[in-house]
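Visitor: I'd like to go over a predicted model; first the sequence, then the structure.
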Amino acid sequence: MAHTLHFAASMLACWLIAQVLARSTWTWRSPRVAILCWQAVGLGAGLSAVGLPMSLGLAPYQRGTGSALLALADDLWHSTLPAGLGAVHLGLVGVGFGIGAVLLTTTVRSIHGAVRAQRRHRDLLTLVARRDPTVPGALVLDHPGAAAYCLPGVRPRVVVSAGALDLLSRAELEAVLTHERAHAQERHDLVLLPFTALCRALPWLGWVRKAHDRVSLLVEMRADDKARELHADAPLAGALQRFATAGNRITPAGALGMGDRDLAVRMQRLMVNERPPRLLGAVALAVTTTAAALPISLFLS
Amino acid sequence: MTRLGDLERAVMDVLWDSVPATSNGATVREVADALAGRELAYTTVMTVLDRLAGKGMVQREREGRAWRYRPAASREAHIAQLMLAALDLGGSRDAALIRFARSVTGTEADVLRAALADEAAER
């Protein structure tokens, strides 16, 4: 029973932390720390969801979830179940495995779908996009709409439309390209993947969707920060402004785009140069790591 | 870009730019002749066209003993498709299409519509 309570507590903690994280604005000043916090919360919540029904079902063994699972497997193998363990208990363990399987398969399906869409997109780009000497390292699509995006993968592509080239000044374009390259280099697609998969698995849970939206905004902010390291703030803010007013903000599925989300927040963030809250970040990281470590230690016990 | 991708692109460029849309396509020989500067073997061009047919990029029809190849869709249609792939982001494609049409200017919408009509006509 104690283990079940621990799993329940860690689930509650993850939910509470997610609520706080979603409302915090310090995260905008250190997006990388905030992304790590969200990942820890996601991991903790997922493991607790698997562990909660499992530990209930394994209660008759009166020991750690991990060793109880091994004992159950052993007993099932020899068809000698202990007295207090009935069908309900086995069912609960099954539910735990079921949740784990759903989480795993949606993740795998998300990866599969993304990889297929990316391959198709990349093939088409090879045939119709052109290289342009004014934008080295990027592909240009001859379309009047304004779009700039990164097609992630092992061999990532940064793509800008002719419309975006017309829209942006030289300096603004450079900032946008650095932003997109940051997405590719830091594999932000992989950062977002588990949250996209969670949204697919639990579409009715509002806070899961909210977590996904928060993380995708943080990923944009992180890429903004990378662009700021190389360029001044003004061109990036200018580019955001232009994309916002161009009204044509499109990014392909499975791709990370410039200027498609919470533009106002990002622009405002560039106006003021605030230092990252180191103490707050460290505390948040410690709390979320603990929330993720608790279910892990329960499974290992 | 891989060498194979490079070849596929060169072949598609020939089909898009040198073959009139009204004609019923080009033979392997005609494509190879148009790519004379690259000194490609006939069989290489045939392999590339075969691959492109496998990917659904070109359609072929038998004419006598030879196949005639033509693009499955225009270059503009593919570009429009890439731009539209964007709209799958969170939400149904239809809802996304509305948003796109709403957010582009008149001429841009015309270009997009033309590209899509083009694609539909050629299928």
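Guide: Thanks, I have the structure now.
Visitor: those strands in chain B, which residues are they?
Guide: B:58-63, B:66-71 (DSSP state E).
Visitor: The closest residue to A:Met1 other than its chain neighbours: neighbouring residues, count only.
Guide: Spatial nearest neighbour of A:Met1, excluding adjacent residues (CB to CB, 6 or more residues apart in numbering or on different chains): A:Ala59 at 5.8 Å. C-beta coordinates here come from the backbone N, C-alpha and C atoms, glycine included. Number of residues near A:Ala59 (other CB atoms under 10 Å in any protein chain shown) recorded here: 16.
Visitor: for A:Ala59, phi and psi?
Guide: As for A:Ala59, its main-chain torsions (degrees, to the nearest 10) stand at phi -50, psi -40.
Visitor: ok, so what distance separates it from chain B?
Guide: 41 Å (CB to the nearest CB, to the nearest Å).
Visitor: Can you check which of the strands of chain B gets nearest to A:Arg214?
Guide: Each of those has some distance to A:Arg214 by CB to CB; the shortest is strand B:66-71, at 43.6 Å.
Visitor: Now tell me what touches the closest one from outside.
Guide: Here strand B:66-71 makes contact (CB atoms under 8 Å, 6 or more residues apart in numbering or on different chains) with B:12, B:15-16, B:19, B:23-29, B:31, B:49, B:52-53, B:57-62, B:122.
Visitor: Recalculate using a threshold of 6 Å.
Guide: Strand B:66-71 is contacted from outside by B:Leu15, B:Trp16, B:Asn24, B:Gly25, B:Ala26, B:Thr27, B:Leu49, B:Val58, B:Gln59, B:Arg60, B:Glu61, using CB atoms under 6 Å, 6 or more residues apart in numbering or on different chains.
Visitor: could I have it exported to CSV, CA atoms only?
Guide: Taking C-alpha atoms only, strand B:66-71 is exported to CSV below (Å, rounded to 0.1, in the frame of the first residue of the first chain):
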residue,chain,number,x,y,z
ALA,B,66,8.5,2.6,-75.8
TRP,B,67,7.1,4.2,-72.7
ARG,B,68,6.2,7.9,-72.7
TYR,B,69,6.7,9.8,-69.4
ARG,B,70,5.1,12.9,-68.2
PRO,B,71,5.0,14.7,-64.8
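Visitor: Flag every buried residue along it.
Guide: Using 16 or more other CB atoms under 10 Å in any protein chain shown as the test for burial, strand B:66-71 gives B:Trp67, B:Arg68, B:Tyr69, B:Arg70, B:Pro71.
Visitor: mind giving me the domain ranges of chain B?
Guide: As given by automatic domain parsing, the domain ranges for chain B are B:3-71, B:75-122.
Visitor: For chain A, which element, helix or strand, carries the lowest mean pLDDT?
Guide: strand A:256-257 (a mean of 55; mean pLDDT, DSSP states H and E).
Visitor: wait, I meant chain B
Guide: Least confident helix or strand of chain B, by mean pLDDT, DSSP H and E, is helix B:93-103 with a mean of 28.
Visitor: where do the helices sit along the stretch 1-150 of chain A?
Guide: A:2-23, A:31-57, A:65-77, A:87-128 (DSSP state H, counting those that start in this stretch).
Visitor: Which helix or strand lies directly C-terminal to the least confident helix or strand of chain A?
Guide: Using DSSP states H and E, the next helix or strand after strand A:256-257 towards the C-terminus is helix A:263-271.
Visitor: For that following helix, give me every contacting residue.
Guide: Contacts for helix A:263-271 (CB under 6 Å, 6+ apart): A:Trp28, A:Asp224, A:Asp233, A:Ala237, A:Leu240, A:Ala244.
Visitor: quick one: low-confidence parts of the chain?
Guide: Chain wasn't specified; assuming chain A. Filtered on pLDDT under 70, chain A yields the residue ranges A:244-261.
Visitor: The chain in question should be chain B.
Guide: B:1-2, B:21-22, B:85-123.
Visitor: Would you map the helices across it?
Guide: Taking DSSP state H as the criterion, chain B contains helices spanning B:3-17, B:28-34, B:42-54, B:75-85, B:93-103, B:106-122.
Visitor: ok, now the stretch 151-300 of chain A?
Guide: Counting by DSSP H, counting those that start in this stretch, the helices of the stretch 151-300 of chain A are A:162-167, A:170-185, A:188-201, A:206-230, A:233-246, A:263-271, A:278-300.
Visitor: Let me know the angle separating the third one from helix A:31-57.
Guide: It refers to helix A:188-201. Computed by axes from the mean of the first three to the mean of the last three CA atoms, to 10 degrees, the angle separating helix A:188-201 from helix A:31-57 equals 40 degrees.
Visitor: Could you do the fifth one as well?
Guide: Compare the direction of helix A:233-246 with that of helix A:31-57 by the same axes, to 10 degrees and you get 70 degrees.
Visitor: buried ones in helix A:233-246?
Guide: For helix A:233-246, a neighbour-count test (16+ other CB under 10 Å) marks A:Asp233, A:Pro235, A:Leu236, A:Ala237, A:Gly238, A:Ala239, A:Leu240, A:Gln241, A:Arg242, A:Phe243, A:Ala246 as buried.
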